[in-house]
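> model the structure of this input:
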Amino acid sequence: MGLTVRPSNPPLSAVSRAMAASRGDLVNEWATWILHRAAQAPHLDRPTLERQLGLLVDIVIQLTGRVRRQAAQLWFDACEHYGRTAATRGLAAGEVVEEIQRLRELLIRHLSDIIAALPARYSMATVLRLNRQVDRGIAQAVVGYTDALVETLFNQNGVPVFVQEPVDREILKRLEQMEGELARL
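Below you'll find the model as predicted:
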């Protein structure tokens, strides 16, 4: 399949640049929020969590860029992986939704000035596009979460057992694969 580069309209390009400029802050605030609220639950170490969240933010940036159609499938895959990871962390399905929902809140805060400065027609279209992508990501995260739980129940005769070390290696391996796919875009 050849690479289809679609021209980006100036408002989407401006939003993409603004997201790229605030990427570090987005990832840091998101990771801090997750680690703070999940202090009692099993969780990934901060570098792995930040790497996973950074990948999600990088893909969202591409979703407003010229290769947004190719990035859409990677977004679904990354969100599904996030849901699987959340299952290994022992989260409830609602918590997975809340964690990705937090990305929407951060995007609103970080992009509100630039979106408000756009003409009304473009600002509304941009907000709707970002919301639609976050909603689709949430749905895929829940799919990944559910698949992981069902798989765990079948593999372990209905008794969930969390083995942290091999799971960490699997998470990192999958993150490397998706980072490579993003780099190829």
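> what's the separation between Ile34 and Thr85?
11 Å (CB to CB, to the nearest Å). Using the backbone N, CA and C atoms, a C-beta is placed for each residue, glycine as well.
> what residues are up against Cys79?
Leu56, Ile100, Arg136, Gly137, Ile138, Gln140, Ala141, Gly144 (CB atoms under 8 Å, 6 or more residues apart in numbering).
> now the residue nearest to the spatial centre of the chain: closest residue in space, sequence neighbours ignored.
Closest residue to the average C-alpha location of the chain: Leu56 at 3.3 Å, with CA atoms, centre = their mean. What sits nearest to Leu56 in space, not counting adjacent residues and going by CB to CB, 6 or more residues apart in numbering, is Ala78, at 5.7 Å.
> in the helix or strand hosting the one you found, which residues are buried?
Ala78 is part of helix 68-88 when elements are defined by DSSP states H and E. Neighbour-count burial for helix 68-88 flags 68, 70-71, 74-88 (criterion: 16 or more other CB atoms under 10 Å).
> kindly export that helix (C-alpha atoms) in PDB.
Provided in PDB are the C-alpha atoms of helix 68-88 (Å, rounded to 0.1, in the frame of the first residue of the first chain):
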ATOM      1  CA  ARG A  68      -4.100  11.100   9.200                       C
ATOM      2  CA  ARG A  69      -5.700   8.100   7.400                       C
ATOM      3  CA  GLN A  70      -2.700   5.900   7.900                       C
ATOM      4  CA  ALA A  71      -2.400   7.100  11.500                       C
ATOM      5  CA  ALA A  72      -6.000   6.100  12.200                       C
ATOM      6  CA  GLN A  73      -5.300   2.400  12.100                       C
ATOM      7  CA  LEU A  74      -2.200   2.900  14.300                       C
ATOM      8  CA  TRP A  75      -4.400   4.900  16.700                       C
ATOM      9  CA  PHE A  76      -6.900   2.000  17.000                       C
ATOM     10  CA  ASP A  77      -4.000  -0.500  17.600                       C
ATOM     11  CA  ALA A  78      -2.300   1.700  20.200                       C
ATOM     12  CA  CYS A  79      -5.600   2.300  22.100                       C
ATOM     13  CA  GLU A  80      -6.400  -1.400  22.000                       C
ATOM     14  CA  HIS A  81      -2.900  -2.100  23.400                       C
ATOM     15  CA  TYR A  82      -3.600   0.500  26.100                       C
ATOM     16  CA  GLY A  83      -6.700  -1.300  27.100                       C
ATOM     17  CA  ARG A  84      -4.900  -4.600  27.200                       C
ATOM     18  CA  THR A  85      -2.200  -3.000  29.400                       C
ATOM     19  CA  ALA A  86      -4.900  -1.500  31.700                       C
ATOM     20  CA  ALA A  87      -6.300  -5.000  32.200                       C
ATOM     21  CA  THR A  88      -2.900  -6.300  33.300                       C
END
